[in-house]
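# no letters, just coordinates:
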């Protein structure tokens, strides 16, 4: 086995911003010796309020950039990107592509077959109906509540996680779920786990909150194992971070999401990697 | 005078999104026969939370696009763009360039020479210190309070203007101004006039709210008159709207800002106009 062996390649992850670092965190904890390359499209975030056509274009560009970096598997850690671009990226890719939404669907379907479950997501994710369709195609006896929470991303990105404003906004968005005997709530956006304790407090401890990032990490390991692509090394892995806007802001905010220090972040202008496709 | 006379050219306006339509509204009301071309960079908004380097790049691209459309004056209707790019756009331009921030500074300086005045803006505008420096260079006896209100833009863009959430967020951001005998508040972002009544209610009717869009329109007319560039026609003018994301969303949301129906919006992908500069 040489250094050129694809096992030594990296796991590629992209998201519109820092949110996908919650997925990287889960992957890092499960596979501590895998190399990882993360790309956050911070110069064009948020994706959740934009059109599916624009999200598709941005997502294809992000995937094309990561492909130039020698990755062995691609993880789309952005629910909004998955809802608009997962099929197209997968069909044009010769490496495995894992989408966070599919793992969210798996989690809900594994845990619930009846009763009331809520899905929280960005406007684009909820409007796309991806979660609703895929969950109902497995258990059509589930009663789904879909709520788009467009202010959650700016709240988290602006650092208001512990602020009273977050509690007020959470209360407002989740009002339709009160006294509805909701069994579980899928956090259908990688930013939302940062608001987990506020959401839990609002809904009460009986409601199970589902963060698909752990399932996403497990799926990634399974796919790599099946293809004999797990890295056999037990050396310290190499992490690379790329963003399209200010590296320093990402570095500082990112630590909270990754729960691990981020040392160096490189800036990659969108103009450079869009050229890969056009 | 022929149709090729520059008087018949358009007033070019750009903003990161729909906010600048409040400036277009003021220009249209003041100069009802002028042709106007508006560009909203909706695929990359918001600007206010991004780095000054990225905002500069986007703003130069927007200006370059409008220059290809045969404009006779350029109005930068985005405070965040002005704070990062006004000087550079102006120095490389052979047509007059008007920035909304300068008109905000004029308004504050004209109305107040002492006492307490507050400036509300995006994080990028407030951090740049553009308003603070320019106002204090005219009246250094003014006591300025600068508050960045990063959630105001998403609140307005998501259509929560009349929603209780807006009142809560306004209350939270303006807390430092309570009982401070504030005389005036500059709305240093073109989205904020949409929250004017909520802000007024929070601060009380004694506080004067300043929206620089009317001053911006007056300045535009003055500059055009000085250069003999006012359109002498009294025919119905031609309005063109370009955006980088979904035209339909802009058309629907834009009506509220412009207070006038928007019939047709064209999409212009960023990839096309960035090529003008690279």
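The structure has been received and is ready for your questions. Just so you know, these numbers come straight off a predicted model, no measurement behind them.

# residues near the closest residue to chain B within the stretch 1-150 of chain A, how many?
The nearest approach of the stretch 1-150 of chain A to chain B comes at residue A:51, 3.6 Å away (CB to the nearest CB). The way it works is simple: take the backbone N, C-alpha and C, and place the C-beta from them, glycine included. Residue A:51: 20 surrounding residues under other CB atoms under 10 Å in any protein chain shown.

# which positions within the helix or strand residue A:132 falls within qualify as buried?
Element membership of residue A:132, judged by DSSP states H and E, is helix A:130-136. Buried residues in helix A:130-136, counted by 16 or more other CB atoms under 10 Å in any protein chain shown: A:130-132, A:134-136.

# got the contact list for the residue most central in space within chain A?
Among the residues of chain A, residue A:77 comes closest to the average C-alpha position under CA atoms, centre = their mean, at 2.8 Å. Applying CB atoms under 8 Å, 6 or more residues apart in numbering or on different chains to residue A:77 gives the contacts A:13-15, A:19-20, A:22-24, A:100, A:190, A:213, A:216.

# repeat for residue A:155
Residue A:155 sits next to A:161, A:163, A:165-166, A:169, A:195, B:151 when contact means CB under 8 Å, 6+ apart.

# relative to the whole chain's centre, how far out is the helix or strand harbouring it?
In this structure, residue A:155 is located in helix A:152-157 according to DSSP H and E. On the basis of CA atoms, centre = their mean, to the nearest Å, helix A:152-157 sits 14 Å off its chain's mean C-alpha point.

# picking that back up, got the contacts of residue A:77 as JSON lines, with secondary structure, neighbour count and distance to residue B:73 columns?
Output for the contacts of residue A:77, formatted as JSON lines (DSSP: H, G, I helix; E, B strand; the rest coil; neighbours: other CB atoms under 10 Å in any protein chain shown; distance: CB to CB, whole Å):
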{"residue": "A:13", "secondary structure": "strand", "neighbour count": "29", "distance to residue B:73": "46"}
{"residue": "A:14", "secondary structure": "strand", "neighbour count": "26", "distance to residue B:73": "41"}
{"residue": "A:15", "secondary structure": "strand", "neighbour count": "30", "distance to residue B:73": "40"}
{"residue": "A:19", "secondary structure": "coil", "neighbour count": "30", "distance to residue B:73": "41"}
{"residue": "A:20", "secondary structure": "coil", "neighbour count": "30", "distance to residue B:73": "43"}
{"residue": "A:22", "secondary structure": "helix", "neighbour count": "27", "distance to residue B:73": "47"}
{"residue": "A:23", "secondary structure": "helix", "neighbour count": "31", "distance to residue B:73": "48"}
{"residue": "A:24", "secondary structure": "helix", "neighbour count": "28", "distance to residue B:73": "48"}
{"residue": "A:100", "secondary structure": "helix", "neighbour count": "30", "distance to residue B:73": "47"}
{"residue": "A:190", "secondary structure": "coil", "neighbour count": "29", "distance to residue B:73": "44"}
{"residue": "A:213", "secondary structure": "helix", "neighbour count": "25", "distance to residue B:73": "51"}
{"residue": "A:216", "secondary structure": "helix", "neighbour count": "29", "distance to residue B:73": "52"}
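
# give the pairing partners of the host helix or strand of residue A:119; include direction for each.
Assigned by DSSP H and E, residue A:119 belongs to strand A:115-121. Strand A:115-121 has the following sheet partners, assigned by DSSP bridges: strand A:142-148 (parallel), strand A:182-187 (parallel).

# buried deepest among those strands, which one?
Highest mean neighbour count of the strands paired with strand A:115-121: strand A:182-187, a mean of 22 (counted as mean count of other CB atoms under 10 Å in any protein chain shown).

# centre of the chain to that one, how far?
Relative to the centre of its chain, strand A:182-187 is centred 17 Å away, using CA atoms, centre = their mean.

# just stretch A:70-80 next, same as before
For stretch A:70-80 - counting by CA atoms, centre = their mean - the centre lies 9 Å from the chain centre.

# same deal with stretch A:126-138?
17 Å.

# now the element after the strand holding residue A:119, going C-ward?
Taking DSSP H and E, what comes next after strand A:115-121 is helix A:123-128.

# elements contacting that following helix?
Packing contacts for helix A:123-128, counted by 3 or more CB pairs under 8 Å, 6 or more residues apart in numbering or on different chains; DSSP states H and E, involve helix A:52-67, helix A:79-91, strand A:142-148.

# pull out the buried residues from it.
Those would be A:123-126, A:128, for helix A:123-128 by 16+ other CB under 10 Å.

# what pLDDT, on average, does it get?
Helix A:123-128 comes out with an average pLDDT of 94.

# other residues contacting it?
Counting by CB under 8 Å, 6+ apart, A:47-52, A:55, A:79-80, A:82-84, A:101, A:119, A:131, A:146-148, A:150, A:188-189, B:158 sit against helix A:123-128.

# how far away from the center of its chain is that helix?
15 Å.

# still on that earlier bit, so is the following helix or strand past the helix holding residue A:155 next to chain B?
Counting by DSSP H and E, the next helix or strand C-terminal to helix A:152-157 is helix A:164-174. Yes - among the residues of helix A:164-174, A:164-165, A:168-169, A:172 lie within reach of chain B under CB under 8 Å from any CB of the partner chain.

# apart from its neighbours in sequence, what residue is nearest the residue of the stretch 151-278 of chain A found nearest chain B?
Going by CB to the nearest CB, chain B is nearest to residue A:246 of the stretch 151-278 of chain A, at 3.6 Å. Distances taken as CB to CB, 6 or more residues apart in numbering or on different chains put residue B:51 closest to residue A:246, at 3.6 Å, once the chain neighbours are dropped.

# again, but for residue A:85
Excluding the flanking residues, the one nearest residue A:85 by CB to CB, 6+ apart is residue A:59, at 3.6 Å.

# count the residues that sit near that neighbour.
25.

# low-confidence ranges in chain A?
Along chain A, the parts satisfying pLDDT under 70 run over A:1-4, A:270-278.

# repeat that with 90
Scanning chain A for pLDDT under 90 picks out the ranges A:1-8, A:70, A:154, A:156-165, A:168, A:256, A:269-278.

# near chain B, which residues of it show up?
For chain A, the contact set with chain B under CB under 8 Å from any CB comprises A:42-44, A:49-51, A:53-54, A:57, A:123, A:150-151, A:154-155, A:157-158, A:160, A:163-165, A:168-169, A:172, A:244-246, A:249, A:269-271, A:274, A:278.

# make a PyMOL selection of the buried ones in those.
Here is the PyMOL selection string for the buried members of these, based on 16+ other CB under 10 Å:
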select buried, chain A and resi 42+43+44+49+50+51+54+57+123+150+151+154+155+157+158+160+165+168+169+172+244+245+246+249+270+271+274
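
# was I right to think residue A:184 contacts residue A:117?
Yes - counting by CB atoms under 8 Å, residue A:184 sits close enough to residue A:117 to count as a contact (4.9 Å).

# which neighbours do those two have in common?
With CB under 8 Å, 6+ apart, residue A:184 and residue A:117 have common neighbours residue A:108.

# nearest to residue B:89, of the helices and strands packed on helix A:123-128?
helix A:52-67 (25.1 Å; CB to CB).

# right, and the helix or strand after that closest one?
The first helix or strand that comes after helix A:52-67 along the chain, using DSSP H and E, is strand A:71-76.

# who's in contact with that next one?
With CB under 8 Å, 6+ apart as the test, strand A:71-76 has contacts from A:6-7, A:9-14, A:23, A:27, A:37, A:59, A:63, A:66-67, A:82, A:85-86, A:89, A:93, A:95-100, A:216, A:220, A:223-224, A:229.

# got it, and stretch A:37-45?
By CB under 8 Å, 6+ apart, stretch A:37-45 touches A:10-18, A:20-21, A:24, A:47, A:58, A:62, A:65-66, A:69, A:71, A:153, A:157, A:239-246, A:249-250, A:254, A:268-270, B:43-44, B:50, B:54.

# out of the residues of helix A:164-174 next to chain B, which is nearest to residue B:112?
Looking at these and their distance to residue B:112, the nearest is residue A:165, at 30.0 Å (CB to CB).
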